[in-house]
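>>> Provide a 3D model corresponding to the input given below.
(chains A, B, C and D)
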There are 2 protein chains.
Amino acid sequence: MIFTTKAEYGVRLLVELGRHGAEQPVSLKAIAAAEGLPLAYLERIVALLKKAELVESTRGAHGGYRLTRDPADVHMDEVIIALEGAVAPMTCFVDDTDSPRVLCSHEADSGQGCATKLLWMRVQGGVMEKLSQTTLAELVAFASREPITRHDRETLTSGG
Amino acid sequence: MIFTTKAEYGVRLLVELGRHGAEQPVSLKAIAAAEGLPLAYLERIVALLKKAELVESTRGAHGGYRLTRDPADVHMDEVIIALEGAVAPMTCFVDDTDSPRVLCSHEADSGQGCATKLLWMRVQGGVMEKLSQTTLAELVAFASREPITRHDRETLTSGG
DNA sequence: GTCAATCCTACCAACGGGGTCGGAGAAGAT
DNA sequence: ATCTTCTCCGACCCCGTTGGTAGGATTGAC
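Numbering: from 1, shown residues only, chains lettered A, B, ... in the order given. Coordinates of the predicted model:
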């Protein structure tokens, strides 16, 4: 599995916020009820989004959360990284941009390049590409549509 | 994390087989020693590759495994599916090609389309695209090269 | 027959994911 | 003031999967 429920719930939460205007905040309780998600768990997830400054909060009665930007300016790569941490294909695969090389724990043994590195880099590139091409505004629009048909399935994967 | 060590070890195993010719089989013991991987665990992994008819085995002394095809004809989408099962972004996301729709467990609640489905379909499409574009022959060639430089990293993700 | 290899099943420890609980601040409503 | 509603925060816990081991049965070359 690529993503956990953190990503799933977090994106759904953002979509729900995007559906309402940015004027008045929406409480987590309302979102949890609307989406059928556990409130206590959502609290921990929304904290990640707040730390990434994707949402802002108002405490106290009639408080809640709202988006800090226009949904069209929110790209999913930033969202997923905030929720899941860096998207890596493998445990040994940490893209440390400060280091000149992507290191692999097995690499040191054989003295030659890690056989799978090329593959994992391409896969990660493919994922990040699709994520950055998708905006929150698109998801908000999509969620309000009819349930998709078989015909839709063959077209909507084409990307941005 | 997208992939587990099943994919990692399985691909490395295939690369090791691809490095040798297809004439005489290579024993798991030799591969385990060359890659520094646990033999008993490799046994279970290679069983998946055999079931998918990506490798064939010879039992008894001087036995081992060899590829059933030319490495240039082995595409990674087939390999990864054999090793990991279907690549799905989320637990709720099972691409059942018999059913007209991709169902989501949360979908039934709200009566409207699942907000995250569009995103997961695009991501999965991106992954499968990169996997199918990469052949075993490429990985064999890549593994025999020098350790990569920073300059390489910016070019090798462009895909097959 | 013996050694080297594939096969196969059961077992196990550790980890992370998913979720709960209880409470402590903050701020509007009364 | 105080009550209610909300955000915030840390500790805790269950459980499935992953990664790996153990032990054997079977096959075939020498």
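>>> In chain A, what helix or strand scores lowest on average pLDDT?
Sorting the helices and strands of chain A by mean pLDDT, DSSP states H and E puts helix A:107-110 at the bottom, at a mean of 49.
>>> Quick one: mean pLDDT for whatever helix or strand comes next after that one?
Next helix or strand after helix A:107-110 toward the C-terminus (DSSP states H and E): helix A:117-133. The average pLDDT for helix A:117-133 rounds to 96.
>>> just checking, what packs against whichever helix or strand comes after helix A:117-133?
Scanning forward in sequence from helix A:117-133 by DSSP H and E, the next helix or strand is helix A:136-143. Helix A:136-143 sits against helix A:5-19, helix A:76-84, helix B:117-133, with contacts defined as 3 or more C-beta pairs under 8 Å, 6 or more residues apart in numbering or on different chains; DSSP states H and E. Placement of C-beta: from N, CA and C, glycine included.
>>> how about these, which one is nearest B:F142?
Closest to B:F142 of those, according to C-beta to C-beta: helix B:117-133, at 13.8 Å.
>>> Check which residues of the closest one are buried.
Neighbour-count burial for helix B:117-133 flags B:117-131 (criterion: 16 or more other C-beta atoms under 10 Å in any protein chain shown).
>>> and the residue lying closest to A:E35 once chain neighbours are set aside, what does it touch?
Nearest residue to A:E35, sequence neighbours excluded (C-beta to C-beta, 6 or more residues apart in numbering or on different chains): A:R12, at 5.3 Å. Going by C-beta atoms under 8 Å, 6 or more residues apart in numbering or on different chains, A:R12 touches A:E35, A:L37, B:H106, B:A115, B:T116.
>>> Output those in TSV, with distance to DNA strand D appended to each entry.
TSV is the format used below for the contacts of A:R12 (distance: C-beta to the nearest atom of the strand, whole Å):
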residue	distance to DNA strand D
A:E35	14
A:L37	13
B:H106	19
B:A115	19
B:T116	21
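>>> If any of those are buried, put those into a PyMOL selection.
The command below creates a PyMOL selection of those among the contacts of A:R12 that count as buried (16+ other C-beta under 10 Å):
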select buried, (chain A and resi 35+37) or (chain B and resi 106+115+116)
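>>> which one of the contacts of A:R12 sits closest to A:L28?
Nearest to A:L28 among the contacts of A:R12 is A:L37, at 9.4 Å by C-beta to C-beta.
>>> Please list all residues in contact with the closest one.
A:L37 sits next to A:Y9, A:R12, A:I31 when contact means C-beta under 8 Å, 6+ apart.
>>> How confident was the prediction at it?
We note a pLDDT of 95 for A:L37 in this prediction.
>>> Got the phi and psi for it?
Backbone geometry at A:L37, expressed as degrees, to the nearest 10, gives phi -120, psi 150.
>>> so where's chain A uncertain?
Across chain A, the ranges flagged by pLDDT under 70 are A:94-113, A:146-160.
>>> Would you mind measuring from A:L49 to B:P89?
19 Å (C-beta to C-beta, to the nearest Å).
>>> Just give me the neighbour total for the closest residue to A:D70 other than its chain neighbours.
Leaving aside its chain neighbours, A:D70 sits nearest to A:A137 (7.5 Å; criterion: C-beta to C-beta, 6+ apart). Neighbour count for A:A137, taken as other C-beta atoms under 10 Å in any protein chain shown: 15.
>>> picking that back up, possible to save the contacts of A:R12 as JSON lines with distance to B:Y41?
Converted to JSON lines, the contacts of A:R12 look like this (distance: C-beta to C-beta, whole Å):
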{"residue": "A:E35", "distance to B:Y41": "40"}
{"residue": "A:L37", "distance to B:Y41": "37"}
{"residue": "B:H106", "distance to B:Y41": "36"}
{"residue": "B:A115", "distance to B:Y41": "39"}
{"residue": "B:T116", "distance to B:Y41": "34"}
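>>> So which residues on chain A come close to DNA strand D?
Counting by C-beta under 7 Å from any atom of the strand, chain A comes close to DNA strand D at A:25, A:27-29, A:40, A:43-44, A:46-47, A:50, A:57-65, A:91.
>>> now with 10 Å?
A:1, A:25-32, A:39-44, A:46-47, A:49-51, A:55-66, A:90-92 (C-beta under 10 Å from any atom of the strand).
>>> chain center to stretch A:36-43: distance?
Taking C-alpha atoms, centre = their mean, to the nearest Å, one finds the center of stretch A:36-43 at 17 Å from the center of the full chain.
>>> do the same with stretch A:128-136
9 Å.
>>> Just the residues contacting that stretch, thanks.
Contacts for stretch A:128-136 (C-beta under 8 Å, 6+ apart): A:14-15, A:18, A:67, A:71-77, A:79-80, A:87, A:159-160, B:118-119, B:122-123, B:125-126.
>>> Would you mind listing which of these are buried?
Buried members of those, scored by 16+ other C-beta under 10 Å, are A:14-15, A:18, A:67, A:71, A:74, A:76-77, A:79-80, A:87, B:118-119, B:122-123, B:125-126.
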